[in-house]
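Novice: I need the structure of the sequence given here:
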Amino acid sequence: MPQIGWLEILSIIIIAILVLGPKEFPIALKKIGSYIGKFKNSINNLQNDFSSITKDVEIEDKIAGDNKKNKKDVKKKNV
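Specialist: Here you go, the predicted structure:
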């Protein structure tokens, strides 16, 4: 995976300032930051949803396994 060094980052910043202008550059950075924050929040929410779903499935599997075990125990007692 390619890595970006400080020289590349500085080059990108200089080009962005030249293209956007010194007045628009901070506004663009703020918008980009807010988009990145929203993206991170969405990813975190998605991860939380997946983890809660897997916990629910694990609980259901455990309950189903306990029910099967109890049914076997009842059959053994009746026999």
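Novice: C-alpha only now, for contacts and for neighbours.
Specialist: Fine.
Novice: need the helix or strand of the chain with the lowest average pLDDT.
Specialist: Across the helices and strands of the chain, mean confidence by mean pLDDT, DSSP states H and E is lowest for helix 24-78: a mean of 83.
Novice: can you give me how far that one is from the chain middle?
Specialist: 11 Å (C-alpha atoms, centre = their mean, to the nearest Å).
Novice: And stretch 6-20, by the same measure?
Specialist: That offset, for stretch 6-20, works out to 30 Å (C-alpha atoms, centre = their mean).
Novice: what about it, average pLDDT?
Specialist: Throughout stretch 6-20, pLDDT has a mean value of 93.
Novice: Output it as PDB, nothing but the C-alphas.
Specialist: What follows is stretch 6-20, C-alpha atoms only, in PDB (Å, rounded to 0.1, in the frame of the first residue of the first chain):
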ATOM      1  CA  TRP A   6       5.000  15.100   4.100                       C
ATOM      2  CA  LEU A   7       6.300  16.500   0.800                       C
ATOM      3  CA  GLU A   8       3.200  15.000  -1.000                       C
ATOM      4  CA  ILE A   9       0.900  16.400   1.600                       C
ATOM      5  CA  LEU A  10       2.500  19.900   1.400                       C
ATOM      6  CA  SER A  11       2.300  19.700  -2.500                       C
ATOM      7  CA  ILE A  12      -1.500  18.900  -2.300                       C
ATOM      8  CA  ILE A  13      -2.100  21.800   0.200                       C
ATOM      9  CA  ILE A  14      -0.200  24.300  -2.000                       C
ATOM     10  CA  ILE A  15      -2.100  23.200  -5.100                       C
ATOM     11  CA  ALA A  16      -5.400  23.400  -3.200                       C
ATOM     12  CA  ILE A  17      -4.600  26.900  -2.000                       C
ATOM     13  CA  LEU A  18      -3.700  27.900  -5.600                       C
ATOM     14  CA  VAL A  19      -6.900  26.400  -7.100                       C
ATOM     15  CA  LEU A  20      -9.400  27.400  -4.400                       C
END
